[in-house]
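1. Got a sequence here, can you model it:
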Amino acid sequence: MGPMTQTVRLTQLAHGGGCACKIPPGDLEEMVRGLTGGDWPTLVVGLDHGDDAAAVRIEGGTAVLSTADFFTPVVDDPYDWGRVAAANALSDIYAMGGTPVLAINLLGWPREILSGELASEVLRGGLDVAREAGCPLAGGHSIDSPEPTYGLAVTGVGDPDRLMRNDAARAGLPLSLTKPIGVGVLNNRHKATGEVFDEAVATMTTLNAAAARAALDAGVQAATDVTGFGLLGHLHKMARASGVTAVLDRAAVPVLDGVRASLADGYVPGGSRRNLDWVRPHLAADGADELELVLLADAQTSGGLLIAGEVPGAPVIGELVPAYADGTTLVVR
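-> Purely as a prediction, here's the structure:
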């Protein structure tokens with residue numbers, strides 16, 4: 001962070017951290033019901049199935065992808081927070097198989113509480129990750145805000161016939177996950193205690209670019225990234241949109257070190273419990289205890305790609321089967 005002295009912990013200024021501050025999925029779906037905007041002839045992907053970005057087809061056969069993602073601090077270090085927020089926003093483009101080509105900053109800053117120097121560190125973190133992605137980050141918009149908030153609006157491009165979508169998963173395919181889960185729990189502990197979890201920061205700042213390329217090379221047609229609705233929430237959305245049921249092998253799901261111990265010690269994000277409550281009516285989970293289910297529903301920030309297919313280096317965590325007649329979209333074994 002350089003020579004400056006930071007006297008305020010950023011996470012203490014946020015009611016929720018990272019993607020855990022998302023509006024709960026059930027509330028969000030009710031808000032946007034009927035507002036999908038899907039009647040435009042050039043719209044390739046809209047809001048209908050909860051995809052990661054919107055896509056329109058333009059002249060020349062290119063799909064232009066657009067997304068925005070921003071949130072309150074997930075870690076106290078402003079530079080790391082900027083890096084995490086930028087990687088998370090770029091991930092929505094990668095999750096659909098696109099290439100980011102331009103990003104702009106979205107910043108809310110409590111000027112009477114936090115210095116401009118800290119804001120510069122956040123922006124520097126975002127710029128460094130955008131450079132790593134080969135994506136220009138230029139300008140944006142800022143407001144004076146009671147809570148610090150940061151993220152990006154990102155434009156990308158892709159092949160409209162090769163976009164990875166939420167509704168294209170098919171029975172018989174394996175499920176793969178490219179990053180371990182549990183950052184929500186560790187971020188919750190960080191906020192409460194100030195402990196720094198370097199492995200969590202490392203995974204949150206890792207771009208999903210290589211994973212997206214591997215998925216496209218493998219012919220994958222369905223993928224999403226695992227963020228605020230947790231593994232179970234995003235898997236439920238994919239299974240529901242695709243008309244299949246997902247069978248998850250909980251022992252195969254990669255988990256960051258220290259997560260289970262932190263759960264046992266009571267560091268459970270409220271957003272993770274809300275995620276579990278949302279999917280519970282669609283969940284069959286005989287044999288899994290409550291804490292294990294909370295972990296599987298843990299609200300991730302800048303999580304990995306959840307892929308209907310196999311890619312090198314990503315563990316297979318389950319499979320897709322024909323839809324259960326009773327409406328069950330998730331089976332945890």
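
2. Check what pLDDT the closest residue to A119 other than its chain neighbours gets.
-> Of all residues not flanking A119 in the chain, W109 sits nearest, at 5.2 Å (C-beta to C-beta, 6 or more residues apart in numbering). In this view, the C-beta of every residue, glycine as well, is placed from N, C-alpha and C. What the model reports as pLDDT for W109 is 97.

3. Tell me how many other residues crowd W109.
-> When neighbours are defined as other C-beta atoms under 10 Å, W109 has 20 of them.

4. same thing with the one 3 residues further on?
-> Here the number of neighbours of E112 (other C-beta under 10 Å) works out to 7.

5. Count the residues that sit near P41.
-> Using other C-beta under 10 Å, P41 is surrounded by 6 other residues.

6. which ones are touching it?
-> Under the criterion of C-beta atoms under 8 Å, 6 or more residues apart in numbering, P41 has no neighbours.

7. mind checking how far it is from V56?
-> P41 sits 10 Å away from V56, going by C-beta to C-beta, to the nearest Å.

8. mind listing the strands for the stretch 201-333 of the chain?
-> Here the stretch 201-333 of the chain has its strands, by DSSP state E, counting those that start in this stretch, at 223-225, 244-248, 283-284, 305-308, 316-322, 330-332.

9. outside of the fourth one, which residues touch it?
-> Read it as strand 305-308. Residues outside strand 305-308 that contact it (C-beta under 8 Å, 6+ apart) are 91, 94-95, 164, 168-170, 173-179, 208, 211-212, 215, 220-226, 231, 234-235, 238, 242, 314, 320.

10. and if you look at the longest one?
-> If you take C-beta under 8 Å, 6+ apart as the criterion, strand 316-322 is touched by 169-177, 239, 242, 244-249, 252-254, 308, 310.

11. What of the shortest one?
-> The set of residues external to strand 283-284 that reach it, using C-beta under 8 Å, 6+ apart, is L232, H236, L293, Y324, T328, T329, L330, V331, V332.

12. One more pass at 6 Å, please.
-> For strand 283-284, contacts defined as C-beta atoms under 6 Å, 6 or more residues apart in numbering pick out T328, L330, V331.

13. who wins for neighbours among those residues?
-> If you count neighbours using other C-beta under 10 Å, the busiest of these is L330, which has 25 neighbours.
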